[in-house]
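# all I have is the shape, not the residue letters:
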């Protein structure tokens, strides 16, 4: 099993405005994307991979001359890997509002000539899916073999199945949910408050002040990180391990290894992630709720879907628990859709969807082999 | 079942320094306490109630002329209530380091003549228990009928049973743990970072600057609040209820009722709670680990205990889960101690220990009746 090797991001410019759910629109925007593998003659082997909060179009492979630049799902995608680039043409698109290349809060607002900052329009999962569909239009891909995503990426995959039912044959949604719970929203809100109340946030226009709300970003990331890991795996990895042999009796210094780990994660994140993007992406998570337009009835919601489904969840994921995936499975069965579901006994919590668990990757490999047979036949 | 009525806090001054675990000492300190009911002739009916993070000596009754000033465990303690003040003499003591009256970071450091602030010595559960024992010395109480506490208060009750085994006949420890897990410490650490990195914290000497690190306190309280409630009860109480009929598409305004609730809790807390106290108390939680001196062996640790035990936990408490209480029960059984254990099926998460659940209060009532028979006989 190999890597797709060195890859190069590409850019696509859109002069036609993208109408957004909020009523606003995004004009003169650019999207960054990457592709791996070859599109076959009848353009039937394309798989769109949707990214989650802290990820991008850079899904697999690495950048020439940049060490440790592997894509975020490189363990899954490549020649001979579960999503085999010798059979599939894989596309990763960076969503608008991101801070990894596509038009986002750090770019110039053509309407004002100033950096967007907090004026970047609120984007939703629906808007992202629409933006992705336009990229596929340009690439001449009318129907995807599959849309794949985990977590917030899984929400995009589900939304695809509802909004573009004829443009895909399979939806693969991993460690996701049909909407956030009150507790999920609560964690997002605390993280946002930490950022927004950081004096260096300046109402979202910190770029003009030459500062970054790092304190808020650090706290936001620390909170996030706790929710990505299971209680179990945190206990196994860190437990009550002390940094030094003797207690220091300090409220401010690091005493426990878990503190050191979390601070490090927070520091790293605050160096590269954009505060406005964090707000936008957590809000997109909060808003996702396709059943809302159907009186909260998930079964009626999924009546719109036409494709086949694979759902997967992880037993120790308390952020998007298996129960949330089962809600989707039930709604699909109510509509007599073809749905496979794997509940995987993995210790890593929500993070498991990014890791290389043999049972998990085995399920994905088998499912992609099934898909490949359809267009090979 | 009535209230203990209007109560008046009392103060006790200590000129003999209190040696602390850290090696430091607390000199010239005062502790505030309240008592309810009457101490009987042979002083055998005293129950000490230990408080948790956001609580104090004011356990029951109310203050004359102050509306809504009920003590934090008023539903449990009073004439005819489960802890019946017609039979028991109940004592609540505010721990040193608190911000509710006993000597703490907001008071003057006699060594410097300046407000302690961040210079207040780090206090541990052990230190609090020692401080409480001195109050009992002054009251002439050589043996308690029981020590009772929930959460951090339960840790103090457990510590009493290990450090003063002959000074108590019963230990009642509710919704507690033999030590914090990595995840528990992680949540404390994020809350502390939010406070410490608030520019208004000024290294813990904000009093001199005439400011309060309210931003940090708000975030800390919001995080805490999420962990006190169960996912279920949050879903039942708030779910995805919106504040307005239409989405506002904003990252900064309140959209969901859960956001409004959390912000309100954070605002309220930041108005009255001291930031240095928050750091001290969360650190005391982190440090509590009586098994540490016994090579991590909880069974060897509890060999020191002599009293009888009641432990109770709540099924939906994910902060101090039933599994943590069971660890203590096992250690006590290994030592052939008399232990009763109730795992109560309540939806409210960690907060349940403060609420009036009939099954929970029924267990406490029955246990206190058993204790009362011992000294009535």
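Done, it's in. Computed from a prediction, not measured in an experiment: that's the story for all the values here.

# which SS class is the residue nearest to residue A:254 when sequence neighbours are not counted?
Counting by Cβ to Cβ, 6 or more residues apart in numbering or on different chains, residue A:254 lies nearest to residue A:260, which is 4.9 Å off, once chain neighbours are set aside. For glycine as for every other residue, the C-beta is placed from the backbone atoms N, C-alpha and C. Under DSSP: H, G, I helix; E, B strand; the rest coil, residue A:260 falls in the helix class.

# any idea how far residue A:260 is from residue A:177?
Distance check for residue A:260 against residue A:177: by Cβ to Cβ, to the nearest Å, it reads 31 Å.

# higher neighbour count, these two?
Between residue A:260 and residue A:177, counting by other Cβ atoms under 10 Å in any protein chain shown, residue A:177 is the more crowded of the two (26 against 15).

# what's near enough to touch that one?
A:154, A:155, A:184, A:320, A:324, A:325, A:327, A:328 (Cβ atoms under 8 Å, 6 or more residues apart in numbering or on different chains).

# now do 10 Å
A:151-152, A:154-155, A:158, A:184, A:285, A:288-289, A:313, A:317, A:319-321, A:323-325, A:327-328 (Cβ atoms under 10 Å, 6 or more residues apart in numbering or on different chains).

# contact residues of the stretch 51-200 of chain A facing chain B?
Residues of the stretch 51-200 of chain A lying close to chain B (Cβ under 10 Å from any Cβ of the partner chain) are A:118, A:120-124, A:179-200.

# could you list which of these belong to helices?
Counting by DSSP state H, these place A:182-196 in helices.

# can you say which of these are buried?
A:182-196 (16 or more other Cβ atoms under 10 Å in any protein chain shown).

# just give me the residue closest to the centre of chain A.
The centre of chain A sits closest to residue A:52, judged by Cα atoms, centre = their mean, with a distance of 1.0 Å.

# A helix includes that one, no?
No. Using three-state DSSP, the secondary structure at residue A:52 is coil, not a helix.

# and the pLDDT at it?
Residue A:52 carries a pLDDT value of 96.

# surely it and residue A:173 touch.
No. Between residue A:52 and residue A:173 there is no contact under Cβ atoms under 10 Å: 11.7 Å.

# any shared contact partners between these two?
Contacts common to residue A:52 and residue A:173, judged by Cβ under 10 Å, 6+ apart, are A:149, A:150, A:151, A:153, A:154, A:155, A:156.

# distance of the residue nearest to the centre of chain A from residue A:282?
11 Å.

# between these two, what contacts are shared?
Joint contacts of residue A:52 and residue A:282 (Cβ under 10 Å, 6+ apart) are residue A:152.

# so who does residue A:328 touch?
A:154, A:158, A:171, A:173, A:176-178, A:298, A:301-302, A:309, A:311, A:313, A:339, A:341.

# typo on my end, residue A:119
Contacts of residue A:119 by Cβ under 10 Å, 6+ apart are A:24, A:105, A:109, A:111, A:112, A:204, A:205, A:276.

# tell me the phi and psi of the first one?
This points to residue A:24. Dihedral pair for residue A:24: phi -80, psi 180, per degrees, to the nearest 10.

# cool, and the last one?
In terms of degrees, to the nearest 10, the main-chain angles of residue A:276 are phi -70, psi -40.

# ok, now which ones touch residue A:359?
A:312, A:342, A:344, A:345, A:346.

# quick one, which of these are buried?
For the contacts of residue A:359, buried by 16+ other Cβ under 10 Å: A:312, A:342, A:344, A:346.

# just those residues now: which is nearest chain B?
residue A:346 (17.3 Å; Cβ to the nearest Cβ).

# any idea how far the closest one is from residue A:311?
Taking Cβ to Cβ, one finds residue A:346 at 15 Å from residue A:311.

# how about the longest helix along chain A: buried residues?
Identified as the longest helix of chain A according to DSSP H is helix A:358-376. For helix A:358-376, the neighbour count (16+ other Cβ under 10 Å) marks A:360, A:361, A:363, A:364, A:365, A:367, A:368, A:371, A:372 as buried.

# how about stretch A:114-126?
In terms of neighbour count (16+ other Cβ under 10 Å), stretch A:114-126 has its buried residues at A:115, A:116, A:117, A:118, A:120, A:121, A:122, A:123, A:124, A:125, A:126.

# got the end-to-end distance for it?
27 Å (Cα to Cα, to the nearest Å).

# pLDDT score assigned to the residue nearest to residue A:121 when sequence neighbours are not counted?
With sequence-adjacent residues excluded and distances taken as Cβ to Cβ, 6+ apart, residue A:121 is closest to residue A:24, at 4.0 Å. Here, the pLDDT recorded for residue A:24 equals 97.

# what about the nearest residue to residue A:375 once chain neighbours are set aside, neighbour count?
Excluding the flanking residues, the one nearest residue A:375 by Cβ to Cβ, 6+ apart is residue A:44, at 4.4 Å. As a burial measure, residue A:44 scores 17 neighbours (other Cβ under 10 Å).

# my guess is residue A:44 is in a strand, correct?
No. Residue A:44 is assigned coil when assessed by three-state DSSP, not a strand.

# that one contacts residue A:144, doesn't it?
Yes. Here residue A:44 reaches residue A:144: they are 9.0 Å apart, a contact under Cβ under 10 Å.

# want to throw the buried ones among the contacts of residue A:359 into TSV with secondary structure and pLDDT?
Formatted as TSV, the buried ones among the contacts of residue A:359 follow (DSSP: H, G, I helix; E, B strand; the rest coil; pLDDT from 0 to 100):
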residue	secondary structure	pLDDT
A:312	strand	98
A:342	strand	98
A:344	strand	98
A:346	coil	94
